[in-house]
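J.: Here is a sequence with its predicted model. Questions after.
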Amino acid sequence: MSDITEQIRKEIREWQKQSGVRVPEQVQQILVAAVSAIVYDPHPGWRLPTGMEPWPSKDEGLREIQQDAIKKIPDILVDLAKASPGEAGINTFTLLHSGPNMLEKLCPFDKGH
């Protein structure tokens, strides 16, 4: 899991450098937990999303979804920065209150809303 954690933190560091927006450690930990859980604590209902099959195995598929989620982190951080009050950067309160929206962006499945 340390490799995934480092990938996620690298995305966050690069985004912080480019944007100049601070991402506190607590926000980083929540993002690491959410994205790493795709492989390490998967929901039993994971299935093949359209366009991402065929997978050699469910484990390979989950890793592919996880890599896709890592690529989405900058967009999530942009949304969080816009929603965070003031100039201080992203805050944990905003992240927690945007949880469903953030998770929706990480999930590759069409919910049919």
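T.: That came through fine. Computed from a prediction, not measured in an experiment: that's the story for all the values here. Residues are numbered from 1 along each chain as shown.
J.: what about Ala69, neighbour count?
T.: Other residues lying near Ala69 total 24 when counted by other CB atoms under 10 Å. In this view, the C-beta of every residue, glycine as well, is placed from N, C-alpha and C.
J.: for this structure, which helix is longest?
T.: helix 58-83 (DSSP state H).
J.: and it, what does it pack onto?
T.: helix 2-19, helix 25-40, helix 92-97, helix 99-106 (3 or more CB pairs under 8 Å, 6 or more residues apart in numbering; DSSP states H and E).
J.: Most tightly packed of those?
T.: Of those, the one with the most neighbours on average (mean count of other CB atoms under 10 Å) is helix 25-40, at a mean of 17.
J.: on contacts alone, who are the packing partners of that helix?
T.: Using 3+ CB pairs under 8 Å, 6+ apart, helix 25-40 is in contact with helix 2-19, helix 58-83, helix 92-97, helix 99-106.
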